[in-house]
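Enquirer: My questions concern the predicted model and sequence given below.
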Amino acid sequence: MGSAGRSATGSPVFRQADFPESDKRFPAYYEGKWLMTEFMRGWIIAVTMDENGDYVSMEPFLPNENFSSAIDMQFSPGGDLYVLEYGSAWFRGNENAQIKRVQYNGGNRIPIIQASADKKAGAVPLELNLSSEGTLDYDNDALSYQWTVSSENGFSESLEGPNPKITLEEAGMYTVNLQVTDSEGNSNEQQFKVTAGNEPPSIALEIVEGNQSFFFPDNQLSYNIKVADKEDGSVTDGGIKEEEVAVNFDYAPEGFDPIEIAQNHVSTDEWITLSKGKSLIDGSDCLSCHRVDIRSIGPSYQEVAAKYKNDIQGQKVIAQRIINGSVGIRGEHAMSAHPDLGEQDAALIVDYIMGLNDPEQEIEKVPLSGSYTTSVPQKENGKGSYLLRVAYTDKGTDKVQPLTSEKIIALRNPVITSEEYDEANGIKLFITPRRSLKMEKDGGWLSYKNIDFTGISEMVINAEASTRTQDIGGVIEVHLDAPDDPLVTTTEEIAPLEIDFRAELQRLRSEWEAGGKKGPEPSFRTVMALSQKTIPVDVQDVNGFHDLYLVVKNPNAKEGQLLMQINTVEFKQSSESL
């Protein structure tokens, strides 16, 4: 039955009659079996019952699959089993929270496809190296590969083999389709889009002065941003205006979701789009006939925006009138044509005009170079991180849509948890009654990659050997770049604290009551914290980027014995860096 907490949950009983039209329903073997999932232990078990609903026997279901805290299961109308996984952590967003689909296949299985290319966009001629790396067949059948590259411009070409090459000479959007067929005739396919005729923008974001791994409140960063595009030019030569580049330096709260943070920048990108439209107007003859808020020879832009606010088709017509000109639409005067404007530029002008319906306050502009002081917003706990983001959307062409590139540097909080490791050896994760990452062998280690030690004078390791899980303790060796060399220091011994938890809790509560109940009431967590050790490590002589290894040692450890848990590592700045 495994180990950990006991949190079995009820799930469906399978009946073939529930899926009469399905050719993928589970086999008759599972008729009447109850599929039971276990939230804490990660398994699903098929329970057999008799005609009275009484227990007969049980057996593992997909024993090689680990379900990350499965919280519910349900059969779909087609007979597939969907498993809802809560994920590892309680009451927070989990990267491994997901829905899994379990589909029965009683015969030969179709190939699993991975189709890709070394480029998804580029100037013409665009040379593509297509790849099927990662494609597999669980039955180990021989596979044949058929590629088709096509476009609305009439281009179509077929290629064979797992990794062919192709050159696209004409600008446009192309669809790349890979069909893989096994020796039994079962096939599967996958496709993706490629843009030819537009090279993606190039963005460089460099921190010139300051730590490049961590953010410290009220710390000053010196930075420099460069943006260039093969078709548009660069910021340096003036082809790209500074106001066309979206720059966001933002505090990201504790437990932030990078996708959510990116979504929060949409408003900034929209403002940049409006700025581009305004720049096109300022560089044309439009202002000779129109003003933003007052009528001139033609209507004001605010009038136009109000009239066509909810008329999407009308907005498209305006874009065509800007290019082709018009007569008698809003008075006797003709609007001159602008044949030199492409459809993309005309659409940007219309976007700017429509944006006047809902004017946003102009977002504070961050220059492309200079100094920036990081800060923690009011009411935030300071446990978050900092996100530096630069984005630019090029102008595209009439044949090819604009492309966006972005560069993001995430400056993490200087207090990192053990679970934020990049690589590890000899660990075991517990999630009840609280999350703890245990080291379970002599020489086991945690690794944090590419840490910038610039301006860092001290690391503070918080670790403990818990008697609750019978940890035997040990020491922590701090190494750089490899788990065995070079050695920075060895900590003092972290030994189990022999303590009667109930008696100690009673003592702390008595003192708390005698002292007027000031502060939070002591709890078992308060007692458990007594076993934690805070160990400072001098790293002021370490400079530049290094991989950090925390290696736990206890030569007396037996196989399967727990040594300790590392809770957090804090990086502190030297006084000269403050």
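Expert: Here it is on my side, so go on. Numbering: from 1, shown residues only.

Enquirer: mind listing the strands for the stretch 401-550 of the chain?
Expert: With strands called from DSSP state E, counting those that start in this stretch, the stretch 401-550 of the chain shows them at 404-411, 415-417, 423-425, 427-430, 436-439, 445-452, 456-464, 475-480, 487-490, 532-538, 545-553.

Enquirer: partners of the second one in the sheet?
Expert: Strand partners for strand 415-417, identified by DSSP bridges, are recorded as strand 564-573 (antiparallel).

Enquirer: And the contacts of the partner strand?
Expert: Residues from elsewhere that reach strand 564-573 (C-beta atoms under 8 Å, 6 or more residues apart in numbering): 211, 213-214, 216, 219, 414-418, 436-439, 446, 448, 451, 455-466, 471, 473-474, 476, 494, 532, 548, 550, 552. Yep, even glycine has a C-beta here, placed from its N, CA and C like the rest.

Enquirer: how close does residue 113 get to residue 490?
Expert: In this view, residue 113 and residue 490 are 50 Å apart by C-beta to C-beta, to the nearest Å.

Enquirer: In terms of neighbours, single out the busier of the two.
Expert: residue 113 (20 against 13; other C-beta atoms under 10 Å).

Enquirer: Leaving out sequence neighbours, find the closest residue to the more buried one.
Expert: Closest residue to residue 113 apart from its sequence neighbours, by C-beta to C-beta, 6 or more residues apart in numbering: residue 190 at 4.3 Å.

Enquirer: follow-up on the earlier one: any idea which of the strands of the stretch 401-550 of the chain is most buried?
Expert: Each of the strands of the stretch 401-550 of the chain was scored by mean neighbour count; the highest is strand 436-439, a mean of 23, by mean count of other C-beta atoms under 10 Å.

Enquirer: what is the mean pLDDT for that one?
Expert: Average pLDDT, strand 436-439: 90.

Enquirer: domains in this structure, as residue ranges please.
Expert: Following automatic domain parsing, one gets these domains for the chain: 8-102, 116-196, 202-411, 415-496+531-577.

Enquirer: remind me which residues of the stretch 251-400 of the chain are low pLDDT?
Expert: Applying pLDDT under 70 to the stretch 251-400 of the chain picks out residues 255-283, 285, 287-288, 291-294, 296, 327-334, 344, 358-364.

Enquirer: make it 50
Expert: Residue ranges of the stretch 251-400 of the chain with pLDDT under 50: 259, 266-271, 361.

Enquirer: Quickly list what residue 448 is bridged to.
Expert: Bridge pairing for residue 448 (DSSP bridges) gives the partners residue 548.

Enquirer: my read: it touches residue 421, true?
Expert: Yes: counting by C-beta atoms under 8 Å, residue 448 does reach residue 421; the two are 6.2 Å apart.

Enquirer: sec struct for residue 129, please.
Expert: For residue 129, the assignment made with DSSP: H, G, I helix; E, B strand; the rest coil gives strand.

Enquirer: Can you name the residues that contact it?
Expert: Listed by C-beta under 8 Å, 6+ apart, the contact set of residue 129 reads 117, 118, 163, 165.

Enquirer: Apply 10 Å and report the result again.
Expert: 116, 117, 118, 119, 163, 164, 165, 166 (C-beta atoms under 10 Å, 6 or more residues apart in numbering).

Enquirer: What of residue 211?
Expert: Residues in contact with residue 211 (C-beta under 10 Å, 6+ apart) are 219, 221, 411, 414, 451-456, 571, 573, 577.

Enquirer: Let's see the pLDDT reported for it.
Expert: We have a pLDDT of 94 for residue 211.

Enquirer: Residue 554 now?
Expert: Confidence at residue 554, expressed as pLDDT, is 97.

Enquirer: which residues touch the closest residue to it other than its chain neighbours?
Expert: Using C-beta to C-beta, 6+ apart and skipping the chain neighbours, the partner closest in space to residue 554 is residue 474 (3.2 Å). Applying C-beta under 10 Å, 6+ apart to residue 474 gives the contacts 439, 442, 444, 463, 465, 491, 493-495, 551-557, 563-564.

Enquirer: Helices along this protein, start to end?
Expert: Assignment of helices within the chain using DSSP state H yields the ranges 258-264, 266-282, 301-307, 312-324, 343-355, 501-514, 524-529.

Enquirer: Redo the strands of the stretch 401-550 of the chain as JSON lines? Include distance to residue 500.
Expert: Shown next, in JSON lines, are those (distance: least, C-beta to C-beta, whole Å):
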{"stretch": "strand 404-411", "distance to residue 500": "44"}
{"stretch": "strand 415-417", "distance to residue 500": "29"}
{"stretch": "strand 423-425", "distance to residue 500": "33"}
{"stretch": "strand 427-430", "distance to residue 500": "22"}
{"stretch": "strand 436-439", "distance to residue 500": "21"}
{"stretch": "strand 445-452", "distance to residue 500": "31"}
{"stretch": "strand 456-464", "distance to residue 500": "17"}
{"stretch": "strand 475-480", "distance to residue 500": "26"}
{"stretch": "strand 487-490", "distance to residue 500": "31"}
{"stretch": "strand 532-538", "distance to residue 500": "18"}
{"stretch": "strand 545-553", "distance to residue 500": "27"}
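
Enquirer: Ok, which of those comes nearest residue 106?
Expert: Shortest distance between residue 106 and the strands of the stretch 401-550 of the chain, using C-beta to C-beta, is found for strand 427-430: 36.0 Å.

Enquirer: Neighbouring strands of that closest one in the sheet, and parallel or not?
Expert: Here strand 427-430 has these sheet partners by DSSP bridges: strand 436-439 (antiparallel).

Enquirer: just checking, residue 545 touches residue 456?
Expert: No: assessed by C-beta atoms under 10 Å, residue 545 is found out of contact with residue 456, at 11.4 Å.
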